[in-house]
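Peer 1: coords below, sequence missing:
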C-alpha cells in the first residue's frame, strides 16, 4: 500500500478545488491535502444536510393532527412510515459520512480497506463514503449474490 503526498501541502491550494480540477490531477497527486480538503468539505456539507433532515422529520412527526376520517388518518400514518424509513437510511448514511470524515482526519481516506489500492477520484466523487475500490466492491457483491450474507 503506497500512500503518497500525505503530509506535504499542495502548491497553490488557497482556493477550494472543483470536481473538474480534481479529476484533471495527476495520479501521483492522489489524496494530496487539496483533495483531502475537497472531500472533507463535501462530506461535511452532506453531514449538515442529513442532520437538518433529521431535525425536520422530528418536528414534522411532533405535529399531531387529529383526523376523524380513517382513510385520511391511514394516509398520514403511511406518509410518516415512509418518512421514517427514509430517515433510517439517512441515519445509516450519516454514520458512513462521519466514518469517512474520521478517515480523512487519520489520513486513511481514499484507500480500499480490502486491498489497500486507491479507490479512485471518480468513484469518490460519485460516492464519497466508498471504502472499497470498484473491483473489491464488485467481488463483495458477487460473493453476496452467490453465497448470501
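Peer 2: Everything's here; your move. Owing to the predicted nature of the structure, the values given are computational and were not obtained by experimental measurement. Numbers count the residues shown, from 1 in each chain.

Peer 1: which one's the longest helix in this protein?
Peer 2: helix 70-105 (DSSP state H).

Peer 1: who's in contact with the next helix or strand after that one?
Peer 2: The helix or strand immediately downstream of helix 70-105 is helix 121-126, counting by DSSP states H and E. If you take Cβ atoms under 8 Å, 6 or more residues apart in numbering as the criterion, helix 121-126 is touched by 19, 22, 23, 25, 30, 35, 39, 110, 130, 133, 134. Glycine gets a C-beta too; all of them are placed from N, C-alpha and C.

Peer 1: can you put the residues you listed in a markdown table and add secondary structure and distance to residue 118?
Peer 2: Shown next, in a markdown table, are these (DSSP: H, G, I helix; E, B strand; the rest coil; distance: Cβ to Cβ, whole Å):
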| residue | secondary structure | distance to residue 118 |
| --- | --- | --- |
| 19 | helix | 17 |
| 22 | helix | 13 |
| 23 | helix | 14 |
| 25 | coil | 12 |
| 30 | coil | 5 |
| 35 | helix | 11 |
| 39 | helix | 13 |
| 110 | coil | 6 |
| 130 | coil | 11 |
| 133 | coil | 7 |
| 134 | helix | 11 |
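
Peer 1: any chance of a PyMOL selection covering the buried ones in those residues?
Peer 2: Buried residues within the contacts of helix 121-126, by 16 or more other Cβ atoms under 10 Å, are selected in PyMOL with:
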select buried, resi 22+30+35+39+110+130+133
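
Peer 1: and of the contacts of helix 121-126, the nearest to residue 48?
Peer 2: Comparing the contacts of helix 121-126 against residue 48 with Cβ to Cβ places residue 39 closest, at 15.1 Å.

Peer 1: and that closest one, what does it touch?
Peer 2: Contacts of residue 39 by Cβ under 8 Å, 6+ apart are 100, 104, 109, 110, 124, 128.

Peer 1: hmm, 7 Å instead?
Peer 2: By Cβ atoms under 7 Å, 6 or more residues apart in numbering, the contact list for residue 39 reads 104, 109, 124, 128.

Peer 1: show me the shaky parts of this structure.
Peer 2: 1-15, 64, 149 (pLDDT under 70).
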